[in-house]
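S.K.: Here is a sequence together with a model predicted from it:
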Amino acid sequence: MTNRGVTWGTRARRALLTPMDPATADQTGQNINYLCTEVVWAAMLSTAAAFNATYALRLGASNKMITWLSSLPALIAMLVLIPAARFLESRSNRISWMWASLFTARLGYGLLAFLPWLISSHRAEAVIWLLIAIQIPANFFAAGFNPLLADVIPERDRIWVFARRNILASAVVVVLTFLAGQWLELSGRFRWFTFPVNFQLLYMLGFVGSIVSSSILLKIKVPPSEVPTSAPSGESSKPRAAGIRNMFRVNRDFAVIIFNTLIFNAGAWLVGPLYIIFFIRELGASDAWVGLNTTVANAAVIVGHMLWRRWIRALGNRRALTIAAPLGACYAFLVSLFPNLTAILAWGACVNLIDPGINLSHFNILLKLAPDDHRTSYLAMFSTVMNVGAFILPMLGLALANILGIRTVLLIGGGIRLVGAILFYVHPARVQETEIR
């Protein structure tokens, strides 16, 4: 019988297979405990963020402005990630810089809650630009957080820790997004709190959760940061483009995973902003439906993580990725061919059962391909290349939708994503499999 009183940290300590100093094992368990606890509170902010585009549309944002929410944050990431990664790698106290940037980004959501009370006109534009502006500190934090996870979680325990974090976050989002959608719908209908006050209260709740999450993250003990004495292989002080080419030449498999992922994600970026526009403006989705759609998706993510954690252990990362990726490419096809709000709930559930298999296996491969001593720079390079596509393709998708219609562009995006999925199989990155839990 399972002891329900066993904490995440205790279970983490029992799961550690690699022999290590008892003090190190205990600290690792505590760190995992903190990571699995803070994400519960962070999910409150994720719940509010799930309604960002809906909020902007209700305030009168145009389709082009909704596209900016996808494209411009990607442009910011392109400009910020690599300099931020190099800055953090040059600091032995990088963790304090990371937490400060995270707090600044989350403070923006606190301001978002009060924004309609501070200005009386151009509210939609103000919300859009504030959401874009907070991406600057958010990307500074992101440049260091994934490498930090690799530093504090032993390799063979990463899959189950990442899975548990995602399961916990999704479990909270499942409940809160459903309740939030009902709250937004009923409060407006019965005039308990009319728009935009009902949305403001939702953002206030998310901001409170983010502050608790940040306070828990501060408790994580990170190993002392070693400041590299040289630049990543092939980079030195050359211009960024030349540095990227040299990095790819030195680490062929890292270049392969970037290329395959770029094609795979291109289809999703092309159609990403079109979904909410299609759901609300063409299919007439309500706030309650938007919340229910997020709830169903996250419920499927929970089940997906439970299943894929075991399947990846049996299949290995590479094989799991090649199985999951083609299945995950189907969502755009299904939405285009069966444009019914009830059916779309089912399509979202199906694809979100598959996505954890893609995300867990892909992320583990990526961490293994990045050299330990320059992991921050390598992951920042990966994200920067991805954000080139994430910046350009949403605007291209909207332009094509204005000419061809949203449903046709969804088919095009699905086709591109399917090509990327096939590339993971026919042109894979070589990575050594490690026993995982």
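M.R.: Ah, there it is. Numbering: from 1, shown residues only.
S.K.: ok, so what distance separates the closest residue to residue 263 other than its chain neighbours from residue 51?
M.R.: Of all residues not flanking residue 263 in the chain, residue 420 sits nearest, at 3.7 Å (C-beta to C-beta, 6 or more residues apart in numbering). All C-beta spots, glycine's among them, are computed from the backbone N, C-alpha and C. Noted for residue 420: a distance of 29 Å to residue 51, by C-beta to C-beta, to the nearest Å.
S.K.: Which one's more surrounded, the two?
M.R.: Set residue 420 next to residue 51 and count neighbours by other C-beta atoms under 10 Å: residue 51 wins out with 24 against 21.
S.K.: wait, isn't that one in contact with residue 202?
M.R.: Yes - assessed by C-beta atoms under 8 Å, residue 51 is found in contact with residue 202 at 6.7 Å.
S.K.: quick one: common contacting residues for these two?
M.R.: Taking C-beta atoms under 8 Å, 6 or more residues apart in numbering as the contact rule, residue 51 and residue 202 both touch 180, 184.
S.K.: What count of nearby residues applies to residue 121?
M.R.: When neighbours are counted by other C-beta under 10 Å, residue 121 registers 7.
S.K.: so it, which of the three states?
M.R.: Look at residue 121: counting by DSSP: H, G, I helix; E, B strand; the rest coil, its state is coil.
S.K.: What's the separation between the residue nearest to residue 263 and residue 38?
M.R.: Distance, residue 420 to residue 38, using C-beta to C-beta: 32 Å.
S.K.: before we move on, what about residue 365?
M.R.: In terms of C-beta to C-beta, residue 365 sits 26 Å off from residue 38.
S.K.: Please give the element, helix or strand, for residue 343.
M.R.: helix 341-369 (DSSP states H and E).
S.K.: How about residue 117?
M.R.: Residue 117 is part of helix 94-118 when elements are defined by DSSP H and E.
S.K.: Counting by contacts, list what the helix or strand just after that helix packs against.
M.R.: With elements assigned by DSSP H and E, the helix or strand that comes after helix 94-118 is helix 123-133. Helices and strands touching helix 123-133, by 3 or more C-beta pairs under 8 Å, 6 or more residues apart in numbering; DSSP states H and E, are helix 52-58, helix 63-89, helix 94-118.
S.K.: Which one of those lies nearest to residue 410?
M.R.: Of all these, helix 63-89 sits nearest to residue 410, with 15.0 Å by C-beta to C-beta.
S.K.: In a markdown table, list the helices and strands packed on helix 123-133 along with mean neighbour count, mean pLDDT and distance to residue 361.
M.R.: Converted to a markdown table, the helices and strands packed on helix 123-133 look like this (neighbours: other C-beta atoms under 10 Å; pLDDT from 0 to 100; distance: least, C-beta to C-beta, whole Å):
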| stretch | mean neighbour count | mean pLDDT | distance to residue 361 |
| --- | --- | --- | --- |
| helix 52-58 | 22 | 86 | 29 |
| helix 63-89 | 20 | 83 | 23 |
| helix 94-118 | 18 | 87 | 26 |
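S.K.: Go through those helices and name the closest to residue 342.
M.R.: Across the helices and strands packed on helix 123-133, residue 342 has its closest neighbour in helix 52-58 (18.8 Å, C-beta to C-beta).
S.K.: can you give me the offset of that closest one from its chain's centre?
M.R.: 19 Å (C-alpha atoms, centre = their mean, to the nearest Å).
S.K.: Tell me the helices and strands packed up against it.
M.R.: Judged by 3+ C-beta pairs under 8 Å, 6+ apart, the packing partners of helix 52-58 are helix 63-89, helix 123-133, helix 252-277, helix 287-315.
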